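Colleague: could you work out the structure for the sequence below:
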Amino acid sequence: MKLNLTETIDLILTLSLTVLVTICLLLKRPWGVVAVLASIVFAFVSSSPLNLVFVWCVALFAAAAWVTIFRKSYHAKRQAIESQTQSQSPKRTGSTKIAEPIRVLLQKRVPIRDSTNPRSWLGGLPRLPEDVVWPRRRIASDETPENAPLHFMAQINCADLPDDLWAGLGPREGWLVFFMDARDPGVEDIEEQGGVRVLHVPSIGPKRQPPDDILPVWSGNYSSAYFDNKQPVPSVFPEFPVDITVVSNTGPRTELDIPHAMGGYRDDVQDEEQDDTTSNPLLMQLYGDDDLLWSWGSAGIWFFMVPVDDLAESNFENITAWHQCQ
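Modeller: This is a model prediction of the structure:
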């Protein structure tokens, strides 16, 4: 079969477009659409009926194949994103409820004693293993920029915690280390913004100084009897060793002298109703304290809660925290 010049050119273009479409499909390139459109345009201007049918077949095949590849790629990426989101999303409640017979009070040693090597303490500096990174805020807030270092609040020796605390759940070795953004009391979803972190470390190290870019503990966004007339505002709270005292979990306290505590009822300053069993035990509560320069509004208090299922596995990635004041 002898082809004239026009038919020869049509055939060469047809073969070229076929190769281009094939390459696009193999490499999964978005510009495969351009090749498909070019094939369709060429089909309209082609002078050979054979080429016209062939190009249309190539164009339709390429379009169908490219759409199939794109859909598979899209769904694969979507599933990867959903899987990552689910693995990072906090689990807010446990599926099991527990009854807690006891709670512990964290009583400051006043006057301070055994400050060189305390077993548990509030404020001051953490003692972290060398490989543990100082936690930072994930998302910016009104007062604190993204990635700002959190403030150290407490470090508790788990070996000193009684067996019945949290109904026997949680670690009894290592240390629990509490960090939070002290500049933003009352901020909503502080834990989702990375403003609260609790670490469980297997051992302690030397005192760890905070990162150089840590911010002062007070931003001026709430009243404070400690910092209003004092400059500069510190970035580290005073340190107080604490004794761990076991008491019965008979109900929340009603007097003003609310303790720093772990487990049991929350000492709500707003008298919120609480059940005898819980699926989110009280990991720790920290109350406004003159000695520690903790001031979070009138009778301000912070609650750190953890899902039962996570506590059973010593997993503290899903901490829920909120603030109350009168």
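Colleague: lowest mean pLDDT among the helices and strands of the chain, which one is it?
Modeller: Among the helices and strands of the chain, helix 49-88 carries the lowest confidence by mean pLDDT, DSSP states H and E, at a mean of 53.
Colleague: could you list the low-pLDDT ranges of the stretch 1-150 of the chain?
Modeller: Low-confidence segments of the stretch 1-150 of the chain, defined by pLDDT under 70, span residues 1-4, 6-7, 10-11, 14-15, 17-95, 111-115.
Colleague: Provide a list of residues in contact with Asp275.
Modeller: Contacts of Asp275 were listed using CB atoms under 8 Å, 6 or more residues apart in numbering, and they are Lys97. (C-beta placed from N, C-alpha, C; glycine too.)
Colleague: over to Arg172?
Modeller: Contacts for Arg172 (CB under 8 Å, 6+ apart) come out as Cys158, Ala159, Leu161, Asp163.
Colleague: give me that answer again for 6 Å
Modeller: For Arg172, the set of contacting residues under the criterion of CB atoms under 6 Å, 6 or more residues apart in numbering consists of Cys158.
Colleague: same deal with the one 3 residues further on?
Modeller: When the contact criterion is CB under 6 Å, 6+ apart, the partners of Trp175 are Gln155, Asn157, Val201, Ile204.
Colleague: of all those, which comes closest to Val236?
Modeller: Distance from Val236 was checked for each of the contacts of Trp175 by CB to CB. The minimum falls on Gln155, at 13.2 Å.
Colleague: and Val246, what pLDDT?
Modeller: According to the model's per-residue confidence, Val246 sits at a pLDDT of 94.
Colleague: so it sits against Asp163, correct?
Modeller: No - between Val246 and Asp163 no contact is recorded; they are 10.1 Å apart, counting by CB atoms under 6 Å.
Colleague: more neighbours, those two?
Modeller: Between Val246 and Asp163, counting by other CB atoms under 10 Å, Val246 is the more crowded of the two (14 against 8).
Colleague: check for me that the more buried one belongs to a helix.
Modeller: No - Val246 sits outside any helix when classified using DSSP: H, G, I helix; E, B strand; the rest coil, being strand.
Colleague: what is the neighbour count of Thr245?
Modeller: The number of residues packed around Thr245, counting by other CB under 10 Å, is 13.
Colleague: show me what the closest residue to Pro259 other than its chain neighbours bridges to in the sheet.
Modeller: Leaving out its chain neighbours, the residue that sits closest to Pro259 by CB to CB, 6 or more residues apart in numbering is Leu105, at 4.6 Å. When assigned by DSSP bridges, Leu105 has beta-bridge partners Thr245, Ala261.
Colleague: angles on the backbone of Ala167, please.
Modeller: In this entry, Ala167 is assigned phi and psi values of phi 60, psi 30 (degrees, to the nearest 10).
Colleague: rewinding a little: the residue nearest to Pro259: what's it in contact with?
Modeller: Here Leu105 is in contact with Thr245, Pro259, Ala261 (criterion: CB under 6 Å, 6+ apart).
Colleague: so it versus Leu165, what's the distance?
Modeller: In this view, Leu105 and Leu165 are 12 Å apart by CB to CB, to the nearest Å.
Colleague: circling back: from the contacts of Leu105, which is closest to Asp276?
Modeller: Within the contacts of Leu105, distances to Asp276 taken as CB to CB reach their minimum at Ala261, with 17.2 Å.
Colleague: my guess is that closest one contacts Met284. True?
Modeller: No - the pair Ala261 and Met284 does not pass the contact test of CB under 6 Å, sitting 7.2 Å apart.
Colleague: care to break this protein down by domain?
Modeller: Listed domain ranges for the chain are 5-88, 98-326 (source: automatic domain parsing).
Colleague: can you name the next helix or strand after the least confident helix or strand of the chain?
Modeller: Going down the chain from helix 49-88, the next helix or strand is strand 98-99, by DSSP states H and E.
Colleague: can you give me the helices in the protein?
Modeller: For the chain, applying DSSP state H gives helices covering 5-27, 32-45, 49-88, 308-312.
Colleague: could you give the number of residues near the residue nearest to Leu125 when sequence neighbours are not counted?
Modeller: Using CB to CB, 6+ apart and skipping the chain neighbours, the partner closest in space to Leu125 is Lys207 (4.5 Å). Using other CB under 10 Å, Lys207 has 11 neighbouring residues.
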